[in-house]
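Q: Compute the structure for the input listed below.
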Amino acid sequence: MNEAYVEYLVGRKPNPLTKVLKVASITLAVLLCAVGFMFVNFYFLIPAVALGLVAYFLLPRLDVEFEYLYLDKEITIDKIFSKQTRKRAMVVDLNKMEFMAPLTSHEFDSYRARKVPVKDYSSKDPDAKPYGIAYHMGGNDMIVVIEPNAEMLKAIKTVFPRKLLDF
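A: Numbering: from 1, shown residues only. Next up is the predicted model:
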């Protein structure tokens, strides 16, 4: 059996607002903690601890990378948070795929008109060329947005030559 294995990592472009949010929450937590200790008022420590917990647990989830793994007619999409924690986002069975095309293609016009849900696993970089997968999952249609490299597109084109458009 001829199996192709392609792995590709895409980092989501950081939002400038997330950097401001990180700096502001850490700075505010330190300031509240300092004020609480200076005036011996422990009511300032409660929001400081809450902001510290937010900074520790939630802010690392803002740094996201996506790993695409193509193997045996499936694309496995994993989210990697802060280069430390990995979470399985989705497994796309390409046998259930209608077609795969660049996201700007007119093939998706009927899906956009029906307001089909979109799962975006791309970097959101304006220079990138994201591809959309028209996909059926559990009786519902959806569009899965990824940014495959040329090697992954070639492997998919080998197995599904009529379903990969504009390659």
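
Q: Could you pull out the helices in the protein for me?
A: Using DSSP state H, the helices found in the chain span residues 16-38, 45-57, 109-113, 150-159.

Q: Can I get the first one in CSV, CA atoms only?
A: The reference is to helix 16-38. Included here for helix 16-38 are C-alpha records, laid out as CSV according to Å, rounded to 0.1, in the frame of the first residue of the first chain:
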residue,chain,number,x,y,z
PRO,A,16,-1.1,43.1,18.7
LEU,A,17,-4.0,43.2,21.2
THR,A,18,-2.8,40.0,22.8
LYS,A,19,0.6,41.5,23.5
VAL,A,20,-1.0,44.5,25.1
LEU,A,21,-3.3,42.2,27.1
LYS,A,22,-0.3,40.2,28.4
VAL,A,23,1.7,43.2,29.5
ALA,A,24,-1.3,45.0,31.0
SER,A,25,-2.5,42.0,33.1
ILE,A,26,1.0,41.2,34.4
THR,A,27,1.7,44.9,35.2
LEU,A,28,-1.6,45.4,36.9
ALA,A,29,-1.2,42.2,39.0
VAL,A,30,2.2,43.4,40.2
LEU,A,31,0.9,46.8,40.9
LEU,A,32,-2.1,45.5,42.9
CYS,A,33,0.2,43.2,44.8
ALA,A,34,2.6,46.0,45.6
VAL,A,35,-0.2,48.4,46.7
GLY,A,36,-1.7,45.6,48.9
PHE,A,37,1.6,45.0,50.7
MET,A,38,2.4,48.8,51.0
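
Q: Quick one: mean pLDDT for it?
A: Averaging pLDDT along helix 16-38 yields 83.

Q: Now tell me what touches it from outside.
A: Contacts of helix 16-38 from elsewhere in the structure, counted by CB atoms under 8 Å, 6 or more residues apart in numbering, are 41-45, 47-49, 51-52, 54-55, 59, 62-63. Where C-beta positions appear, they are placed from N, C-alpha and C, glycine not excepted.
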